[in-house]
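**Student:** whatever this is, show me its structure:
(one chain, ligands or ions: 2)
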Amino acid sequence: MSKSSPATQDGYLRIEHVTKRFMGVTAVENANISIARGEFFSLLGPSGCGKTTLLRMIAGFEFPTEGAIYMDGQDMSAVPANKRPSNMVFQSYAIFPHLNVHDNIAYGLRRLRLSRREVNRRVEEALAMIHLPGLGKRRADQLSGGQRQRIALARALVNRPKVLLLDEPLGALDKKLRESMQLELRELQRSVGITFVFVTHDQEEALSMSDRIAVMFKGKVLQVASPRALYEAPNCREVADFIGSINFFEATVRGQEGGDVILEAAGLGTVRANLPAEHGFISPGARVIAAIRPEKILLLADGNGQPGQSAVGVIGAHAYLGDRDHLQVALSGRKEPVAVAAQQIERALTARFDSGQKVTLGWDKAAMLVLPG
Ligand SMILES: Nc1ncnc2c1ncn2[C@@H]1O[C@H](COP(=O)(O)OP(=O)(O)OP(=O)(O)O)[C@@H](O)[C@H]1O
Ligand SMILES: [Mg+2]
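**Tutor:** Ligands and ions are numbered 1, 2, ... in the order given. Next up is the predicted model:
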């Protein structure tokens, strides 16, 4: 029998109707999330959307105003942080600069009252896990940023939590190091099989690392889905806008034809799109948003556009970005230019396109998203 993906198993960590109010601020509003055992789950959203607050409630450093959190079927409402099967890695390294690496990691074991030998064994094991074997004697203040962050990770892993909560653990690292740590962290998570709840405001980081992501906005969980589903089928304007870049068009529903929605949008005219999975908001005359990602728009030879899936415009700015070209295309009847990203494969074609030239844009019907207005 094939192994089911973690996301389809029953929730190991369940967040049910959780609201957190501080004086005058609703930091988290009616959050409902179910996370599977062994899943790499991310909370993604802009600054102030409530990610840390939700993570701190899972950890037990904060308690919900309403709702409850369950771990392994057990209600955590009356369980203090140090009695939960979870451990947290903070954004700032939170390691002790005056202690050496060994003692920093062993600090995570202090509650377990283990023998000296067992402590040493586990610390060495953790050091090997984070690829820093033999560094135990080094003082923490003599380490690089990336090494320190690994120590903080090792300290959280050393007492083998069932759930590891990570609050922007890579936020302070430079881009190169951050990218290599992302891969390492993902590998580590797979090999130890611990459930990760990972907070980040970096969409690429969330996409590349997670099994599933919850996108948060102003205290609300807007969508919970796999990276691919979030990108290809966002359920609202905020999610579409936060993950990747996208062009929005104000549109009016004209009707349905087969499985398609027919829309009227300024600049595009009449367009055809697949009926979205959630389509309660679609009825003739309804105001909706049509949206298409820049890389899903193709530059076509003149006259090759299909009705309902193309538009004619004039190229404004054209930027060469190495691995792709960015074009701004003006459409008549619309103020804002449409962003088009042309990949390598189209180069032969794009090289010929220049500012001021007329161009036909075309796209697959499925690439035109329809979102609630
Ligand atoms: N202890 C507190 N008292 C009052 N308001 C708080 C408290 N903690 C957080 N908040 C407010 O709750 C909201 C959510 O904060 P939170 O720290 O969870 O956001 P975040 O998504 O982690 O943001 P960032 O990406 O900047 O870390 C913010 O408006 C914040 O000011
Ligand atoms: Mg935060």
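
**Student:** near ligand 1, which residues of the stretch 1-150 of the chain show up?
**Tutor:** Residues of the stretch 1-150 of the chain found near ligand 1 (Cβ under 6 Å from any ligand atom) are Phe22, Val25, Ala27, Gly45, Ser47, Gly48, Cys49, Gly50, Lys51, Thr52, Thr53. In short, each C-beta sits where N, CA and C put it, glycine included.

**Student:** hang on, the last one in a strand?
**Tutor:** No: applying DSSP: H, G, I helix; E, B strand; the rest coil, one finds Thr53 to be helix, outside a strand.

**Student:** and it, how far from Arg334?
**Tutor:** 39 Å (Cβ to Cβ, to the nearest Å).

**Student:** neighbour count winner among the two?
**Tutor:** Thr53 (22 against 17; other Cβ atoms under 10 Å).

**Student:** how about the residue nearest to the more buried one when sequence neighbours are not counted, secondary structure?
**Tutor:** Spatially, and ignoring its direct neighbours in sequence, Thr53 is nearest to Ala27 (4.1 Å; Cβ to Cβ, 6 or more residues apart in numbering). With three-state DSSP as the basis, Ala27 sits in strand.

**Student:** what sits against Ala27?
**Tutor:** Lys20, Arg21, Gly50, Thr53, Gly219 (Cβ atoms under 8 Å, 6 or more residues apart in numbering).

**Student:** widest-spaced pair of the residues of the stretch 1-150 of the chain next to ligand 1?
**Tutor:** In those, the most distant members under the criterion Cβ to Cβ are Phe22 and Gly45, with 17.4 Å between them.

**Student:** more neighbours: which of the two?
**Tutor:** Gly45 (28 against 10).

**Student:** correct me, but that one touches Lys220?
**Tutor:** No: in this structure Gly45 lies outside contact range of Lys220 using Cβ atoms under 8 Å: 9.2 Å.

**Student:** now the closest residue to ligand 1 within the stretch 101-250 of the chain: phi and psi?
**Tutor:** In the stretch 101-250 of the chain, no residue comes nearer to ligand 1 than His201, which is 4.8 Å away by Cβ to the nearest ligand atom. With angles defined as degrees, to the nearest 10, His201 sits at phi -110, psi 10.

**Student:** and it, how many neighbours?
**Tutor:** 18.

**Student:** shouldn't it be in contact with Lys51?
**Tutor:** Yes: contact status for His201 versus Lys51: in contact at 7.4 Å, counting by Cβ under 8 Å.

**Student:** list the residues that contact both of the two?
**Tutor:** Leu44, Gly45.

**Student:** flag every buried residue along the longest helix along the chain.
**Tutor:** If you go by DSSP state H, the chain has its longest helix at helix 175-192. The neighbour-count check on helix 175-192 (16 or more other Cβ atoms under 10 Å) flags Leu177, Arg178, Met181, Gln182, Glu184, Leu185, Arg186, Leu188, Gln189 as buried.

**Student:** next structured bit after the helix or strand containing Ser208?
**Tutor:** For Ser208, the element it lies in under DSSP states H and E is helix 203-209. Tracing the chain past helix 203-209, the next element assigned as helix or strand by DSSP H and E is strand 212-217.

**Student:** helices and strands around that following strand, which ones?
**Tutor:** Contacts defined by 3 or more Cβ pairs under 8 Å, 6 or more residues apart in numbering; DSSP states H and E place strand 212-217 against strand 25-36, strand 40-44, strand 220-225, helix 227-232, helix 237-242.

**Student:** ranking the ones you listed by burial, who's on top?
**Tutor:** Mean neighbour count, computed with mean count of other Cβ atoms under 10 Å, is highest for strand 40-44 among the helices and strands packed on strand 212-217, reaching a mean of 25.
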